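Peer 1: dropping the sequence and predicted coords here.
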Amino acid sequence: MNSNSQLDLHPDAESLNAFAEQALPEGERGQVLAHLAACSRCRQVVYLAQEAASELEMSKAADFRPEMDRAAAYGFAAAMAAAPVMAAAIGPAGDRKPGKRSGWWSWGWRLAWVPTAVLTAIIGLAVFVHVRQVRPGFESGSKPFVVLPQSAPQQQAKATEPSPEGKAVAGFAQPATPPVTAKAPAEKARTATALAPSEALSAAAAPAATPPTAAVAMEMSSSELNEARSLPEAQRQAVAAQANAALFKQAAPGTGASSPERVVGANSFNAANAGATSTMHGTASRVQASRSVSAAALAPQSEMKSATLGSFEVTGKQLTEPTAEILAAHKAKTVVLPNGLRAVSIVTAQLHTLAIDRFGTLFLSQDSGGHWEPVTRQWSGRAVEVRIQESLNVNGTAAAGAKAGSAEGGSNGSSMDRAVAPPVMFEMVNDSDLVWVSTDGKTWNAK
Amino acid sequence: MQDFLRDFQAVSSLAYLEGVGITPSQSVDSTRTARISVLPGRIDPTLLEELWRDCDAAAYGLTRDEFTEILLRVGSLQGYGLASESARGAIPSRQQQGTFFRNLKLADLVLAQACANGKERAWEHFIALYQQPLMRAAIAITGSATLGSELADQLYAELYGLTTREGERRCPLESYRGRGSLIGWLRTTLAQRHVDHHRRTHRELLKDDMEEYDAPALDPEPAKAGGELAVLGKAIEEALGGRQAEERFLLAAYYLDGRTLFQIAQVLHVHEATVSRRLRRAIDDLRKQVLKSLQRFGLNRRAAEEALGTDPRDLDINLKKLLQSSQADAFQEKAAQ
């Protein structure tokens, strides 16, 4: 050990540096350490040299940092691109100063960016894949008709099991166009199968026929379905009848014209629904399967007699408006009357809205449901239904049709207004099937 | 552009030194070459060829003979890294020589020795490689750009052989033997210069201060230490004297110098947690040792423990002196030899 290079008896710079770099043999290291323990001057030298080394390393890292910042600022795409760039940059950085030997820590700093960039790329890819997987779900919400071709036959097969009647209905549903169904409707159809065989049939047939309305009708929540199922039979029939009537009214312009784009679906309407309040005549028409979904959802216990009604041919476009009607009818069920009860039958025409609660009390609103006033009783028995009497021309045959207020809420009148303005005549039916009529909703006369 | 600036700086530095009448060739002890040539031993030719190629000595303007002499000199000074004295006397085998030289920073060593030999090309390399790091290190050590550049300039002048001793120019690079890196050696040398300068100026300032201001009032004479305090002081002296070098270093660095665990860990190349653990163990051992000594001096255990709770200000001991009184005998002995 060279001990006399300095003013006093201290290890020289060679020994101290070798000690700091752990390049001394064990014996000499012990001697230097013993000296350091006793010599504050040499300790100070070692500390200062270490601090200077740290400063140099930090300045090297600072020189390298701008490249890193740039790479970090590029975000996901740039991080992916930066990974190989950084890996390539490490080589030249090391070659730039051949005389310098940098410590492992500086390389560790640099190499840490490579896995970071790779990790960022993986995370970004995962997010991208996730978004792509989620997006069809959103699309199915807005465009419910996009979907798996296999689902329809599967649903049909499932639907045919419960009853022979269902087989007939399902067999009736022959899609004219390749069935494209969304996952969500398919799942809802599966939910519908749990309700009742007849409902299952209807729901299963819906995606096969690719109705635009089917998905809308199936957007009803299960609670709504259960509520509808709990309604009295007559009210359910009324609901179905109203839906039927609305559908027929829309389908009327298209009768007799059979075009390739028209979709023929299974007609699962209940004859009782139609027969309860209206008589349907005309050409054999087929009601689209989607109707059956909504109708079946509203009246799950109703009997399905599909072929007996005849059929319509309606386009998907024509079906959208009645579907909105039906949907609105369901929403109207939430109408609460001044006595705190919900309306069981409600009808609207020309800003006049009439509603009956479950005790037969009639209420009139002249501002589309904003304010209600009770109507003085002028009839016998218990009012069970309120409806609008109008002329309905189906297939050129004049028939008196009545659009019944839905048990769960009546039509909102929009389709009525769009119809050819017949004189509005409100009808009220009591529990003995006697009918009273009124033009203003206040004064009622026996029919 | 950077290469141009680097070359320009190197040439400027050399031109400055030559302008003041100094040339690299004159800066080295002229007798050293002759001294090297008579060094005993021989390096295996194939090993020599490998080392010559590895460290690119020709680029520094060294001849093969000069290179061989440098290796022989360094090898003989360090006994080729052989541990025992008997082994040091024997001629090392090719494998031992190879192991020894490959464990050195041979490229740095050759560059430093070539600079010390006054090779101009070596100086160009040196300035290109170490000018900026040396300046940064000097600034980091002094904490000031002005002082740092001044310190670095002084070291440059010294390295270039401007200082003379006994009529001979001395180049500090001669003392570099390649065990650590050359930049580390330069940093340590800078730190030594700075600490020495600071100590000199600090003493001068103290002296000036004492002349300028009134001497502070002396502390009142401490109360006469009782028997217990005397025993305690003696026990502490004994305990500290028996500590290992590393423990004393830890205690001194942590308690006297006020260094952090991280700084100490950097010096010892261990983790901070290791330093903390060793420090705690040293304190515990020290306490036990003091307790034992106190009991040996006649105190019972309870009294010994009470004695450990004594206010340190009542003790008439100088811990700094105690820790540093055990001077590195090895250095003194070696110096005497």
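Peer 2: Okay, I see it.

Peer 1: separation between B:D44 and B:L82?
Peer 2: Between B:D44 and B:L82 the distance, using C-beta to C-beta, to the nearest Å, works out to 16 Å. (C-beta placed from N, C-alpha, C; glycine too.)

Peer 1: an error on my part: the question was meant for A:D367.
Peer 2: From A:D367 across to B:L82, the span is 111 Å (C-beta to C-beta).

Peer 1: could you do B:Y160 as well?
Peer 2: 35 Å.

Peer 1: those two: who's more crowded?
Peer 2: Counted by other C-beta atoms under 10 Å in any protein chain shown, B:Y160 and B:L82 do not tie: B:Y160 has more neighbours, with 24 against 16.

Peer 1: next, give phi and psi for the more buried one.
Peer 2: The phi/psi pair for B:Y160 (degrees, to the nearest 10) reads phi -80, psi -10.

Peer 1: and for the one 10 residues further on?
Peer 2: B:R170 has phi and psi values of phi -120, psi 140 when expressed as degrees, to the nearest 10.

Peer 1: can you give me the neighbour number for it?
Peer 2: 18.

Peer 1: and the pLDDT at A:N267?
Peer 2: Looking at A:N267, its pLDDT reads 39.

Peer 1: now swap in A:N17 and tell me
Peer 2: For A:N17, the pLDDT comes out at 91.

Peer 1: so, low pLDDT: which residues of the stretch 151-300 of chain B?
Peer 2: Of all residues in the stretch 151-300 of chain B, those with pLDDT under 70 make up the ranges B:162-165, B:203-226.

Peer 1: domain ranges for chain A?
Peer 2: By the assignment in automatic domain parsing, chain A contains the domains A:1-71, A:74-94+A:109-140, A:151-221, A:333-447.

Peer 1: rank the ones you listed by mean pLDDT and give me the bottom one.
Peer 2: domain A:151-221 (a mean of 39).

Peer 1: hang on, isn't A:L33 packed against B:L250?
Peer 2: No: contact criterion C-beta atoms under 8 Å: A:L33 and B:L250 do not qualify, at 10.0 Å.

Peer 1: who's more crowded, the two?
Peer 2: When A:L33 and B:L250 are compared for neighbours, B:L250 comes out ahead with 24 against 20, by other C-beta under 10 Å.

Peer 1: residues making contact with the strand or helix carrying that one?
Peer 2: Using DSSP states H and E, the element containing B:L250 is helix B:245-251. Residues lying outside helix B:245-251 but in contact with it, judged by C-beta atoms under 8 Å, 6 or more residues apart in numbering or on different chains, are A:30, A:33-34, A:36-38, A:43, B:240, B:243, B:264, B:268, B:275, B:278-279, B:282, B:285-286, B:323, B:326.

Peer 1: where's A:Q133 relative to A:V127, distance?
Peer 2: Separation of A:Q133 from A:V127 (C-beta to C-beta): 11 Å.

Peer 1: B:D285 now?
Peer 2: Note on B:D285: its distance to A:V127, by C-beta to C-beta, is 57 Å.

Peer 1: helices and strands around the helix or strand hosting A:V347, which ones?
Peer 2: Under the criterion DSSP H and E, the helix or strand holding A:V347 is strand A:343-349. Under the contact criterion of 3 or more C-beta pairs under 8 Å, 6 or more residues apart in numbering or on different chains; DSSP states H and E, strand A:343-349 touches helix A:233-251, strand A:352-357, strand A:383-394, strand A:397-404, helix A:414-418.

Peer 1: for B:G298, give its distance to chain A.
Peer 2: Relative to chain A, B:G298 is positioned 31 Å away (criterion: C-beta to the nearest C-beta, to the nearest Å).

Peer 1: swap that for B:L62, please
Peer 2: Using C-beta to the nearest C-beta, we find B:L62 at a distance of 16 Å from chain A.

Peer 1: the nearest residue to that residue once chain neighbours are set aside: neighbour count?
Peer 2: If the residues on either side of it in the chain are set aside, B:L62 comes closest to B:A114, at 5.2 Å by C-beta to C-beta, 6 or more residues apart in numbering or on different chains. B:A114 has 26 neighbouring residues, counting by other C-beta under 10 Å.

Peer 1: with the one 5 residues further on instead?
Peer 2: Other residues near B:K119 number 24, with proximity taken as other C-beta under 10 Å.

Peer 1: do the same with A:D433
Peer 2: Neighbours of A:D433 under the rule other C-beta under 10 Å: 9.

Peer 1: that one: what secondary structure?
Peer 2: Per DSSP: H, G, I helix; E, B strand; the rest coil, the secondary structure class of A:D433 is coil.

Peer 1: ok, it - contacts?
Peer 2: Residues in contact with A:D433 (C-beta under 8 Å, 6+ apart): none are found.

Peer 1: give me every residue in the stretch 101-250 of chain B lying close to chain A.
Peer 2: By C-beta under 8 Å from any C-beta of the partner chain, the part of the stretch 101-250 of chain B that sits against chain A consists of B:103, B:105, B:107-108, B:111, B:125, B:129-130, B:133, B:136-138, B:140-141, B:172, B:175-177, B:179-181, B:183-185, B:187-192, B:194-196, B:199, B:245-246, B:248-249.

Peer 1: recalculate using a threshold of 6 Å.
Peer 2: For the stretch 101-250 of chain B, the residues in contact with chain A (C-beta under 6 Å from any C-beta of the partner chain) are B:129, B:133, B:136-137, B:140-141, B:175-177, B:179-181, B:184-185, B:187-189, B:191-192, B:195, B:245-246, B:248-249.

Peer 1: please flag which of the residues you listed sit within helices.
Peer 2: Under the assignment DSSP state H, those contribute B:129, B:133, B:136-137, B:140-141, B:184-185, B:187-189, B:191-192, B:195, B:245-246, B:248-249 to helices.
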